[in-house]
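Trainee: Sequence plus predicted model, see below.
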Amino acid sequence: MLTLDADLRARVADEWAQDGLMEHASVASFARFTLHLLAVGAPPALVDEALQAGRDEIEHARLCFRLAQRVGGAAVGPGPLPLDGDVIGDVSLPAVVRAAVAEGCVGETVAAMEAGAALERAEDVEVRAALQIIARDEARHAELAWRFVGWAVQADAAARAAAEDAFRVVLAAPAGAPLTEEADVDRLAAWGRLTRRRRADVRAEALAEVVAPTAQALLARA
Ligand SMILES: [Fe+2]
Ligand SMILES: [Fe+2]
């Protein structure tokens with residue numbers, strides 16, 4: 001299952017490179033989240049964890065680029081990150097909560113579960129090692145976002161309303177038409193790659209089984 005023809009090899013390498021670029025962009029996301037936390041006066045322990053999370057993303061990017069290079073044979077790495085315009089955005093507590101819900105409570109939860117799902121069927125040793133690290137760290141990043149949102153909704157009524165609305169919007173989004181599974185699903189899986197169909201399934205599972213109940217429990221606290 002570990003052998004790949006030229007087309008599939010190029011695809012696997014490209015997908016790991018794309019993941020590397022997204023992980024690299026996550027370094028900037030956590031830099032911004034750190035500024036957001038400071039702007040709203042969040043507890044220093046959360047600031048500390050946000051800084052650590054940014055360092056985790058540097059490691060994730062390195063792992064993904066290394067896999068892309070090993071599979072594809074060509075060196076890959078990040079270029080300049082476009083940071084023109086209003087990078088920091090609105091730093092009011094409700095706006096910061098909205099961003100944390102989307103990127104952390106949802107984005108990091110989905111990322112952790114995608115890495116976990118990929119790990120279940122990955123066969124390559126180096127791929128498995130990378131996915132173990134990524135799944136563990138993304139779960140911790142999600143937890144950080146949940147704790148921040150929990151702190152914010154306790155502190156402020158407008159933040160609570162923003163969280164309620166942000167969760168409502170993401171959970172009400174239509175799932176989209178079911179995708180047909182690809183013929184190469186098993187060979188891709190051996191290299192830690194999820195097809196679009198499997199990603200959609202994992203996202204739906206993450207929203208229904210983790211995000212919805214966790215948000216409900218968090219917002220139920222007075
Ligand atoms: Fe990551
Ligand atoms: Fe992350």
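Mentor: Arrived safely. Every value quoted in this text rests on a predicted model; they were computed, and no experiment measured them. Numbers count the residues shown, from 1 in each chain. Ligands and ions are numbered 1, 2, ... in the order given.

Trainee: So which residues on this structure come close to ligand 2?
Mentor: With CB under 5 Å from the ion as the criterion, the chain meets ligand 2 at residues 108, 138, 141. (Glycine included, C-beta is placed from N, CA and C.)

Trainee: Quick check, the first one in contact with residue 146.
Mentor: Just to be clear, that refers to residue 108. No. Contact between residue 108 and residue 146 fails when scored by CB atoms under 8 Å: they sit 9.2 Å apart.

Trainee: who has more neighbours, the two?
Mentor: Neighbours of residue 108 and residue 146, each counted by other CB atoms under 10 Å, are more numerous for residue 108; the result is 25 against 22.

Trainee: Please name the residues that touch the more buried one.
Mentor: Neighbour list for residue 108: 138-139, 141-142, 144-145 [criterion: CB atoms under 8 Å, 6 or more residues apart in numbering].

Trainee: Residue 141 now?
Mentor: 30, 53, 56, 104, 108, 111-112.

Trainee: Residue 90: neighbour count?
Mentor: 13.

Trainee: three-state assignment of it?
Mentor: coil (DSSP: H, G, I helix; E, B strand; the rest coil).

Trainee: tell me the phi and psi of it?
Mentor: Backbone dihedrals for residue 90, given as degrees, to the nearest 10, come out at phi -70, psi 120.

Trainee: Nearest residue to it in space, please, no chain neighbours.
Mentor: residue 96 (7.6 Å; CB to CB, 6 or more residues apart in numbering).

Trainee: Enumerate every residue touching the one you found.
Mentor: 36-37, 39-40, 90, 152.

Trainee: Residue 3: what secondary structure?
Mentor: Secondary structure assignment for residue 3 (three-state DSSP): coil.

Trainee: Which strands and helices lie in contact with the longest helix seen in the chain?
Mentor: Secondary structure of the chain per DSSP state H: the longest helix is helix 6-39. Secondary-structure packing of helix 6-39 (3 or more CB pairs under 8 Å, 6 or more residues apart in numbering; DSSP states H and E): helix 44-72, helix 93-100, helix 185-190.

Trainee: So for it, what gets flagged as buried?
Mentor: 8, 11-13, 15-17, 19-21, 23-24, 26-27, 29-37 (16 or more other CB atoms under 10 Å).

Trainee: show me which of those residues neighbour ligand 1.
Mentor: residue 23.

Trainee: picking that back up, would you turn the contacts of residue 96 into JSON lines with pLDDT and distance to residue 177?
Mentor: What follows is the contacts of residue 96, written out as JSON lines (pLDDT from 0 to 100; distance: CB to CB, whole Å):
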{"residue": "36", "pLDDT": "98", "distance to residue 177": "36"}
{"residue": "37", "pLDDT": "98", "distance to residue 177": "39"}
{"residue": "39", "pLDDT": "98", "distance to residue 177": "41"}
{"residue": "40", "pLDDT": "98", "distance to residue 177": "39"}
{"residue": "90", "pLDDT": "97", "distance to residue 177": "34"}
{"residue": "152", "pLDDT": "98", "distance to residue 177": "36"}
